[in-house]
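Enquirer: Sharing a model prediction with you, sequence too.
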Amino acid sequence: MFRRLLTVLLVVGGAAVVAPPGVAGATSPGPIQLLIPGSVAYGLLGYSCTPVQEIVTAEGFDPATGYPSANVEMATTCSGSGRGGGGHHTYTAFSGAVWDASGHFDTLQTVPANPSAGPTFTAYDGYGNEEYQSGSNTYLQWAAGFVPVPRVTGLSITAGSTVGGEAETIAGTGFTNAVTVAFGAASVPFTVVDDTTITVATPPDAVTADTTVDVTVASSEGTSATSPADQFTYSLPQVTGLSVSAGPTSGGTPVTVTGVGFLGATAVDFGPLAAASFNVVDDTTITATTAGDPTSADQTVDVSVTSAAGTGSASPADQFTFIVQPTITLISPSAGPLGGGTPVTITGSGFSGATSVDFGGIPAYGLPTSDTSITVTAPAGETAEAVDLTITTIGGTSARSSADQFTYGQPVACSKVTGTVGGSMTVSKCSPASTGNVKAVLDPTGTFFTWSKSGQTTAVSLTFTNVGQGACPKGRTEYDISGGVTGGTSTYTTLGDTVYGATCAARSGKFVLVSGSTFSM
C-alpha cells in the first residue's frame with residue numbers, strides 16, 4: 001500500500017489510533033480545514049437553501065483508517081414555504097465524518113458515544129500530522145515534509161472495450177507527484193490535471209475477455225490501495241438499448257445501438273442478418289441500418305455486436321422486431337360519392353399497428369379491428385376518379401394494386417322526376433347506379449328522400465321557384481327546385497351537396513323535368 005508501511009499507535013483522549021499512510025520529503029502546506037462537502041451536507045439535511053453552516057468538532061485520528069475524524073453539526077435556513085409553512089426555518093443534522101490524509105472528505109460515520117473533543121483538543125499521528133480544534137472549526141496540519149500516498153476514489157467510466165483508447169478521468173487525492181498509472185499490470189501515459197484529477201486513455205486488454213482490473217496511481221511515496229472504487233472492467237460488446245425496436249422486413253431502418261465495449265467492433269447482426277451498414281461512434285454507441293429480411297415474416301431477433309473479444313450475451317434490451325408490409329386484398333364498397341362519408345371495410349393482412357389509411361393520399365379515419373380488417377370512413381375526394389387505398393404500419397406502406405381501388409363518383413344525377421308542386425316527388429333513373437341508388441321518394445313533409453331497396457335517406461331543404469314559361473312548352477310553367485343536402489344515411493349523397501333541378505308544371509301542378517335536363521343532389 002505504501003513505499004514503506006508504518007503503523008504507529010498513539011493514545012489520544014484515551015483511544016488508540018493508527019497512523020495514516022504517508023512519508024516525509026516535501027514542504028508542508030498550511031492548515032487544511034476539514035469540512036463535509038455541501039452536496040453531502042444537503043443530502044443529510046434534506047434541504048438546500050442557504051449555504052450550510054458547519055460546526056466541526058475534532059475527534060482525533062480514526063482507529064480503523066488512521067485518517068482524521070470529527071463530529072459535524074450542520075444547519076441550513078430556508079425562507080417561505082418550508083416544513084410548517086411560511087417564515088424562516090432552520091434545519092439541522094449531525095454526523096461523524098472521516099477525511100483522508102490529504103484532508104479530502106472520505107466517509108460518514110457514526111458519532112461516538114463519548115465524544116472526546118474540547119476547545120483545545122489536539123491529536124497527532126505517527127508522522128507528526130496534527131488534528132486540532134480552533135473555535136467551531138477543525139484543521140489538519142501536516143508534519144514537516146509529510147506527503148500522502150495517492151488514493152483513487154472514482155473513475156469516470158468503469159467499463160470499456162478490450163481495444164482500449166477510451167478517455168478516462170481518475171478521481172482521488174495525492175496525485176501531484178504521481179509517477180505511474182496502471183490498469184492492472186499495464187502502465188499507461190497520463191496527465192496530472194491537479195492533485196485530485198488524472199486523465200488517461202485506457203490501454204488494450206490482451207486477455208480479450210470480460211476481466212476486471214484495479215486502476216492504481218503510484219508516486220515516490222507509494223501506490224494507491226485497491227478498492228471497488230478503482231475497478232475497471234474490460235467488457236465483451238454488450239447491447240443495452242436500441243433507439244427503435246421495430247422496422248419493416250424490407251430493411252433500411254436506422255437504429256442507434258447503445259451499450260459498452262463497442263470500440264473495434266467487427267460486426268453488427270440483427271438475428272441471423274448482418275446489418276446493411278454500421279458505424280462505431282464510440283465505445284458506447286453504434287449507428288446501424290437494418291438489412292432486408294428474406295423470410296418476409298414478422299419475427300423478433302436479438303441485436304448483437306462482435307469484436308475481437310467475442311460477442312456479448314443476448315437480453316430483452318437488444319430485441320428488434322421485423323414487421324411485414326401490409327397487403328390489401330379487398331375493399332367494400334369500392335365506390336362512393338365525391339363528398340365522402342362512405343363506410344369502407346378493408347380486408348388484407350399486416351394491419352396491426354396501422355398508423356394511417358389514405359384514399360389517394362387523403363387521410364381517412366378508423367381503427368384496425370384485427371390484423372386482417374380495418375373499417376374507415378372515406379374522406380371527401382378531389383375529383384371523380386379511381387384512387388388507391390394505402391395502409392401504413394411500421395412494416396411500411398401497402399403496395400398499390402387493382403384490389404385497393406376506390407372510385408369517387410359524380411354527384412347523384414337523376415334523369416326522371418315526377419311530382420306535384422309543393423306535394424309529392426319521385427326521382428328515378430339515378431346514377432351512379434346501384435341496387436340501392438336508383439329511385440327515391442320525397443316524404444310528405446318535403447324534408448327527406450328515401451331510397452328504394454336500401455332504405456337509406458337523404459335529408460334536404462328544398463325551394464320551388466316560379467320563373468314563368470322559361471324553357472317549358474307554351475301553357476306550362478317552369479319551377480326550379482333548389483336547395484341542399486342537410487344529412488341522411490345515404491352513402492351516395494353528402495351533407496352540403498347542392499340540390500338542383502328544372503321542371504315544367506302543368507296547370508294541375510304536376511311536373512316533369514325540363515326536356516334534356518337532370519335533377520342532381
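Expert: Now that the structure is in, tell me what you want to look at.
Enquirer: Quick one: the helices in this protein, in order.
Expert: 38-45 (DSSP state H).
Enquirer: domains of it?
Expert: 9-147, 151-235, 238-323, 327-409, 413-520 (automatic domain parsing).
Enquirer: where among the ones you listed is the average confidence lowest?
Expert: In terms of mean pLDDT, the lowest-scoring of the domains of the chain is domain 9-147 (a mean of 78).
Enquirer: re earlier: mind putting the domains of the chain in a markdown table, mean neighbour count included?
Expert: (C-beta placed from N, C-alpha, C; glycine too.) Below are the domains of the chain laid out as a markdown table (neighbours: other C-beta atoms under 10 Å):
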| stretch | mean neighbour count |
| --- | --- |
| domain 9-147 | 17 |
| domain 151-235 | 18 |
| domain 238-323 | 18 |
| domain 327-409 | 17 |
| domain 413-520 | 17 |
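Enquirer: Any idea what the residue nearest to Ser431 when sequence neighbours are not counted is bridged to?
Expert: Once flanking residues are discounted, Ser431 sits nearest to Ala413: 5.7 Å by C-beta to C-beta, 6 or more residues apart in numbering. Taking DSSP bridges as the rule, Ala413 bridges to Ser431, Ser520.
Enquirer: Does Ala413 touch Lys429 like I think?
Expert: No: using C-beta atoms under 8 Å, Ala413 is not in contact with Lys429; the gap is 9.2 Å.
Enquirer: quick one: terminal-to-terminal distance for stretch 245-265?
Expert: 21 Å (C-alpha to C-alpha, to the nearest Å).
Enquirer: List phi and psi for Asp293.
Expert: phi -100, psi 110 (degrees, to the nearest 10).
Enquirer: Spit out the contact partners of it.
Expert: Thr249, Ser250, Gly251, Leu273, Gln299, Phe322 (C-beta atoms under 8 Å, 6 or more residues apart in numbering).
Enquirer: how about a cut-off of 6 Å?
Expert: Counting by C-beta atoms under 6 Å, 6 or more residues apart in numbering, Asp293 touches Thr249, Phe322.
Enquirer: gap between it and Phe322?
Expert: 5 Å (C-beta to C-beta, to the nearest Å).
Enquirer: For these two, list the residues in contact with both.
Expert: Thr249.
Enquirer: pull the CA atoms of stretch 157-172 into CSV?
Expert: Provided in CSV are the C-alpha atoms of stretch 157-172 (Å, rounded to 0.1, in the frame of the first residue of the first chain):
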residue,chain,number,x,y,z
ILE,A,157,-16.1,5.2,-16.8
THR,A,158,-16.0,1.8,-15.2
ALA,A,159,-16.2,-0.4,-18.2
GLY,A,160,-14.9,-0.3,-21.8
SER,A,161,-13.7,-2.1,-24.9
THR,A,162,-10.8,-4.6,-24.8
VAL,A,163,-9.4,-2.4,-27.7
GLY,A,164,-8.7,0.4,-25.3
GLY,A,165,-8.3,4.0,-26.2
GLU,A,166,-11.2,5.5,-24.3
ALA,A,167,-10.9,8.8,-22.3
GLU,A,168,-10.8,8.1,-18.6
THR,A,169,-10.7,10.5,-15.7
ILE,A,170,-9.4,9.3,-12.4
ALA,A,171,-10.5,11.0,-9.3
GLY,A,172,-8.7,10.8,-5.9
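Enquirer: Residues in contact with that stretch: which ones?
Expert: Counting by C-beta under 6 Å, 6+ apart, 151-154, 156, 198-205, 208, 232-235, 260-261, 263-264, 283, 309 sit against stretch 157-172.
Enquirer: and what of stretch 443-451?
Expert: With C-beta under 6 Å, 6+ apart, stretch 443-451 has contacts from Gly436, Ala440, Val441, Leu442, Thr457, Thr458, Ala459.
Enquirer: same thing with stretch 252-260?
Expert: Contacts for stretch 252-260 (C-beta under 6 Å, 6+ apart): 159, 235, 238-244, 247, 284-290.
Enquirer: For that stretch, what is the distance to the chain centroid?
Expert: 14 Å (C-alpha atoms, centre = their mean, to the nearest Å).
Enquirer: got it, and stretch 30-46?
Expert: 36 Å.
Enquirer: now do the same end-to-end measure for that stretch.
Expert: End-to-end distance (C-alpha to C-alpha), stretch 30-46: 33 Å.
Enquirer: and what of stretch 144-153?
Expert: So stretch 144-153: terminal residues 26 Å apart, C-alpha to C-alpha.
Enquirer: Please apply the same query to stretch 174-182.
Expert: 16 Å.
Enquirer: I would like the residues contacting that stretch, please.
Expert: By C-beta under 6 Å, 6+ apart, the list of residues contacting stretch 174-182 reads 102, 148-151, 187-188, 190, 192, 195, 198, 200, 216-219.
Enquirer: what's the pLDDT at Pro411?
Expert: 73.
Enquirer: Enumerate every residue touching it.
Expert: For Pro411, counting by C-beta under 6 Å, 6+ apart, the contacting residues are Asp497, Ser520.
Enquirer: Mind doing that once more with 7 Å?
Expert: Pro337, Leu338, Asp497, Ser520, Met521 (C-beta atoms under 7 Å, 6 or more residues apart in numbering).
Enquirer: and those residues as TSV, adding distance to Thr50?
Expert: Shown next, in TSV, are the contacts of Pro411 (distance: C-beta to C-beta, whole Å):
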residue	distance to Thr50
Pro337	73
Leu338	72
Asp497	73
Ser520	81
Met521	78
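Enquirer: about what we covered before: and which of the contacts of stretch 174-182 is nearest Thr355?
Expert: Val200 (48.4 Å; C-beta to C-beta).
Enquirer: Test of understanding: give the bridge partners of that closest one.
Expert: Glu168, Phe190.
Enquirer: so it makes contact with Phe190?
Expert: Yes: here Val200 reaches Phe190: they are 4.5 Å apart, a contact under C-beta atoms under 7 Å.
Enquirer: Quick check: the gap between the residue sitting nearest the centre point of the chain and Ser431.
Expert: Centroid check for the chain by C-alpha atoms, centre = their mean gives Ser243 as the closest residue, at 8.0 Å. For Ser243, the distance to Ser431 equals 54 Å [C-beta to C-beta].
Enquirer: Could you check how far the spatially closest residue to Phe121 that is not a sequence neighbour is from Asp100?
Expert: Nearest non-adjacent residue to Phe121, counting by C-beta to C-beta, 6+ apart: Gln133, 4.2 Å away. Distance, Gln133 to Asp100, using C-beta to C-beta: 19 Å.
Enquirer: chain center to stretch 457-469: distance?
Expert: With C-alpha atoms, centre = their mean, you get 59 Å for stretch 457-469.
Enquirer: list the contacts for Gly455?
Expert: Gly455 touches nothing, counting by C-beta under 7 Å, 6+ apart.
Enquirer: Looks like Asp302 contacts Pro316 (just checking).
Expert: No: the criterion here is C-beta under 7 Å, and Asp302 misses it with Pro316 at 9.1 Å.
Enquirer: Leaving out the residues flanking it, which one is nearest to the residue nearest to the centre of the chain?
Expert: Thr256 (3.8 Å).
Enquirer: How far does stretch 138-151 stretch from one end to the other?
Expert: Stretch 138-151 end-to-end distance (C-alpha to C-alpha) = 22 Å.
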